[in-house]
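[1] here are the coordinates; sequence isn't available:
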């Protein structure tokens, strides 16, 4: 119990002055329990942290164990058509260090390039400019010129009445070190001779690079496969 | 003192979060060719190699081979939530769905309606459709008395369709479009003379 500091008369809890000497109550003593509680505070904090850590680690261990031991069948999903087909134009896709091309993006890029080959063989050095041919969007001008020379067989078999078209593209030996992609393909183009279909097959080696922010074919080696 | 405890607590919590390695990041980015180059474990390297093969087959539209390769990934020791396993499952499901769709379109189709610039004309005939067993979208179309009287077509055309099961072939003076929709096949000839359409329905 608190007492008046002047006369020692016991003070009531809410008294503003001493009931005996009228000495005003200036400051009250702090409750006796306080020093004890402040001494316990770090211990209490330790217990709470320990409890939180134990609970979270236990939860992590239990969920980790469950995910590795149980085979949870994932719901049946399919890849949307626009993501894997040639609906979206591959040369418009841009990439960065944080969003690099996926390995499938590179394959799709080459597959779409093969679709430009039938038009590429119509190029005439005398009358046409490279920029108007869609193939140039996929490759460097050096690779474009190399392709022009290598596609002689297809050019000879093509007729103006029925231009050649892509029949099959088979991908082989695809590798990359992160900046250069190398792959081989077996490409078959279909032409028409008379009314009969005729096929020209090439074994092609591609080197593709990320040029600033988009893919570009920088080198090709095209060899005709004679059956 | 209080701040020291809070700092210590935060440090302990940050230790719980695993920083993904380059290989993991590339795997999550579906850059499997890079994973093959950089994998540190035999399991990751093999899984990524098989994934590269699977994507090559998928990009080549060799869907039967896709299913075989995807199953070898599924039977491997990879964790159920491994990104390669999940991707293989997705590709397999897509390939299976496409094979099923292509098989549904195989059969004989008969001309039911033919129009020239939206005006009907006398067109007739049948087309027998079958798809290649390896190259899923390569179809063989056998024409049987197809066209108009006096110029019937009785040949076979091999056509590679696009994944949406349409194909457009160009000629010197126009093009012809083939499109499968439900149980029908539509042929549209476009040229300087106009637009001619044949609507064929599957013969049951």
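    Happy to help now that I have it. All values derive from a computational prediction rather than experimental measurement. Residues are numbered from 1 along each chain as shown, chains lettered A, B, ... in the order given.
[2] burial of residue B:82, as a residue count?
    17 (other C-beta atoms under 10 Å in any protein chain shown). Placement of C-beta: from N, CA and C, glycine included.
[3] name the element the residue nearest to it when sequence neighbours are not counted belongs to?
    Nearest residue to residue B:82, sequence neighbours excluded (C-beta to C-beta, 6 or more residues apart in numbering or on different chains): residue B:47, at 7.5 Å. With the criterion set as DSSP states H and E, the secondary-structure element containing residue B:47 is helix B:42-59.
[4] tell me how far that helix lies from the chain's centre.
    Distance of helix B:42-59 from the chain centroid (C-alpha atoms, centre = their mean, to the nearest Å) equals 18 Å.
[5] buried residues in it?
    Across helix B:42-59, burial judged by 16 or more other C-beta atoms under 10 Å in any protein chain shown covers B:44-59.
[6] give me the most central residue, chain B.
    The C-alpha lying nearest the average C-alpha coordinate of chain B belongs to residue B:163 (C-alpha atoms, centre = their mean; 4.7 Å).
[7] ignore what I typed, I meant chain A.
    residue A:99 (5.0 Å).
[8] and that residue, helix, strand or coil?
    Assigned with DSSP: H, G, I helix; E, B strand; the rest coil, residue A:99 falls in the coil class.
[9] and it, how far from residue A:105?
    As for residue A:99, its distance to residue A:105 is 10 Å (criterion: C-beta to C-beta, to the nearest Å).
[10] how about residue A:199?
    28 Å.
[11] give me the more crowded residue out of those two.
    residue A:105 (17 against 14).
[12] tell me which element the more buried one falls in.
    helix A:103-114.
[13] how big is the angle separating the lengthiest helix in chain B from helix A:103-114?
    Secondary structure of chain B per DSSP state H: the longest helix is helix B:83-105. Per axes from the mean of the first three to the mean of the last three C-alpha atoms, to 10 degrees, the angle that helix B:83-105 makes with helix A:103-114 is 40 degrees.
[14] and helix B:83-105, what other elements does it pack with?
    helix B:22-28, helix B:42-59, helix B:63-74, strand B:124-131 (3 or more C-beta pairs under 8 Å, 6 or more residues apart in numbering or on different chains; DSSP states H and E).
[15] per the record, what domains does chain B have?
    Domain segmentation of chain B under automatic domain parsing yields B:2-101, B:106-202.
[16] chain center to the longest one, what's the gap?
    In terms of C-alpha atoms, centre = their mean, the centre of domain B:2-101 is set 21 Å apart from its chain centre.
[17] tell me if the helix holding residue A:105 is near chain B.
    Yes: using C-beta under 8 Å from any C-beta of the partner chain, helix A:103-114 reaches chain B at A:103, A:104, A:106, A:107, A:108, A:111.
[18] need the contact list for the residue nearest to the fifth one when sequence neighbours are not counted.
    Nearest non-adjacent residue to residue A:108, counting by C-beta to C-beta, 6+ apart: residue A:90, 5.4 Å away. Listed by C-beta atoms under 8 Å, 6 or more residues apart in numbering or on different chains, the contact partners of residue A:90 are A:105, A:108, A:109, A:112, A:113, A:138, A:215.
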